[in-house]
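[1] got a structure for you, letters missing:
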Ligand SMILES: [Cu+2]
């Protein structure tokens, strides 16, 4: 292989490795402690660093709770935005987007009791 095409090949290989390593780096985090997605969650997960593409696994009793994707106003005031995505299987996997990812449980009183999380993904 001549020098120039060898260099191109190396660059291409490097790009593939970077893409591949980012893919395998994506992690799954189970939300909460042994009780899973529940009340008083606002300090979870203290000190953990999340990346866009990581997955949150929210485990809970679907007859009692749900998971609603909200905006900042929804998070602060416990309001469900129109057309909000609602998860309700009791074992939901949510992929994090870059920036702030906000979730509440919109069962009456639950968000107000701290059943909400704010996750910053870089
Ligand atoms: Cu709830």
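    Noted; the coordinates are in hand. Just so it is clear, the structure is predicted and the values come from calculations on it, not from any experiment.
[2] same question for stretch 61-78, mean pLDDT?
    Averaging pLDDT along stretch 61-78 gives 98.
[3] For residue 26, list the residues it contacts.
    Applying Cβ atoms under 8 Å, 6 or more residues apart in numbering, we find residue 26 in contact with 51, 53-55. Every residue, glycine included, has its C-beta placed from N, CA and C.
[4] Between the residues you listed, which sits nearest the ion?
    Nearest to the ion among the contacts of residue 26 is residue 55, at 20.6 Å by Cβ to the ion.
[5] Quick one: neighbours of that closest one, just the number.
    Residues lying near residue 55 (other Cβ atoms under 10 Å) number 15.
[6] One more: residue 120?
    Neighbours of residue 120 (other Cβ under 10 Å): 12.
[7] Doesn't it belong to a strand?
    Yes: assigned with DSSP: H, G, I helix; E, B strand; the rest coil, residue 120 falls within a strand.
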